[in-house]
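Peer 1: here's my sequence, what's the structure:
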Amino acid sequence: MANTTFSGPVRSENGFVIANKNTSTGSVTDSSLHSSANKDIRRYYLEEYWKRRPALNAVLNTALSDADATAAANTAIRLAEKVANKDFEVLGTSMTTALCTFDTTRAGIIITTGGTDQNQAIIAPHLDTNQTSWQTVLWGTENSVIWECVVTTGASIADVKLWAGLKLTNDQLVVTDANQAFFKFQTDATNSEAFSDFTVLHFVHSIADVDYISALPITVAADTQYHLKIAIDSNRKAAIFVNGVQYNVTTTSGSTGGTAVTTGTEKTAALTDDIDLIPYIGVETGAGSAKALKVHAQAISRLIYE
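Peer 2: Okay, the predicted model is just below:
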């Protein structure tokens, strides 16, 4: 289609999207963040592009000493606190502040695990009372929440677990949270559940402790960017998108395996009412070598009042 110029304002009842067309296949995908260049005043929006690096929660909660001998230490504490991200923290088994760095090649940050089996690197909103609106605003299943992130896999995806989405806890296991909606990739069942296909991306959702695993037709590759999105509608049904393409969600329950799905518009059944979920992004190593995940952006929105 050629460019079109309008003399007056252009109106849409459902917002506008940034559409990209593949010149080879002709397929059109949605590359918008927050689903629209124009935000809806009926919704509340947050977005994070990592102007500051997340640190361990303790960095913001380390007490100072009054002793003169600790003046230098107090200065270091204050400096670390000053430069730390006030909305997000890093956590996980053997995680340190130093293992979260700014990405000098791509925009964003890199979270890297330690080099021991089951070491983790997880990004979460600060959960301290009144620390951030990412936590004090409730992201309830009844609030028509839309969450999305843009990540790039590490140089190696062998012996790794990656997860991102809306959960009750930061645990990567499918069976931990009774209610959840998140994307997951893992290369084996060690310290986790068994998937039928360990090469593809999965979407996991749970409704009142009944788990559903959708195996998407997306073979996960190293050093590859993915735009992951979960959109919960007014009926509490979640739709999922990867790189702007919508995929069906399985209706077959199970805590292991996974049911293959295709592109389409099938959503989940209604999620449990009035469940407040938390956005988590994490990586876990499954061997004696560190694994990394690049996180470029994260966004979330909800109806101001449902």
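
Peer 1: Thr152: which element?
Peer 2: strand 146-153 (DSSP states H and E).

Peer 1: by contact count, what packs against the next helix or strand after that strand?
Peer 2: Downstream of strand 146-153, the first helix or strand assigned by DSSP H and E is strand 160-167. Under the contact definition 3 or more C-beta pairs under 8 Å, 6 or more residues apart in numbering; DSSP states H and E, strand 160-167 sits against strand 146-153, strand 180-186, strand 225-232, strand 276-285. (C-beta placed from N, C-alpha, C; glycine too.)

Peer 1: hmm, back to that, tell me which strands the strand holding Thr152 pairs with, and in which orientation.
Peer 2: strand 225-232 (antiparallel), strand 292-303 (antiparallel) (DSSP bridges).

Peer 1: what about the helices in the stretch 101-250 of the chain?
Peer 2: Applying DSSP state H, counting those that start in this stretch to the stretch 101-250 of the chain gives helices spanning 133-136.

Peer 1: so where's it uncertain?
Peer 2: Applying pLDDT under 70 to the stretch 101-250 of the chain picks out no residues at all.

Peer 1: leaving out sequence neighbours, find the closest residue to Phe88.
Peer 2: Pro54 (4.2 Å; C-beta to C-beta, 6 or more residues apart in numbering).

Peer 1: nearest approach to Ser214 belongs to which of the helices and strands packed on strand 160-167?
Peer 2: Nearest to Ser214, of all the helices and strands packed on strand 160-167, is strand 180-186, at 9.7 Å by C-beta to C-beta.

Peer 1: Gly258 is nearest to which of the strands paired with strand 146-153?
Peer 2: Among the strands paired with strand 146-153, if distance is taken as C-beta to C-beta, the winner is strand 225-232, at 16.9 Å.

Peer 1: and the angle from the closest one to strand 276-285?
Peer 2: 150 degrees (axes from the mean of the first three to the mean of the last three C-alpha atoms, to 10 degrees).

Peer 1: residues in contact with strand 225-232?
Peer 2: The list of residues contacting strand 225-232 from outside it, by C-beta atoms under 8 Å, 6 or more residues apart in numbering, reads 31, 35, 141, 143-153, 164-166, 181-183, 201, 220, 238-244, 271, 296.

Peer 1: let's see that with 6 Å instead.
Peer 2: 144-152, 164-165, 181, 183, 238-241, 243 (C-beta atoms under 6 Å, 6 or more residues apart in numbering).

Peer 1: break down the stretch 1-150 of the chain into its strands, ranges please.
Peer 2: Taking DSSP state E, counting those that start in this stretch, the strands of the stretch 1-150 of the chain run over residues 19-21, 28-30, 43-48, 53-55, 84-91, 100-102, 109-112, 120-125, 139-140, 146-153.

Peer 1: quick check, central residue of this structure?
Peer 2: In the chain, the residue lying closest to the centroid (C-alpha atoms, centre = their mean) is Ala164, at 3.7 Å.

Peer 1: for that residue, what are its contacts?
Peer 2: Ala164 sits next to Cys149, Phe183, Leu228, Ile281 when contact means C-beta under 6 Å, 6+ apart.

Peer 1: gap between the second one and Thr132?
Peer 2: Yep, that's Phe183 we're talking about. 23 Å (C-beta to C-beta, to the nearest Å).

Peer 1: which of those two has more neighbours?
Peer 2: Shown here are Phe183 and Thr132; by other C-beta atoms under 10 Å, Phe183 has more neighbours (24 against 17).

Peer 1: is it true that that one touches Leu162?
Peer 2: No: using C-beta atoms under 6 Å, Phe183 is not in contact with Leu162; the gap is 8.1 Å.
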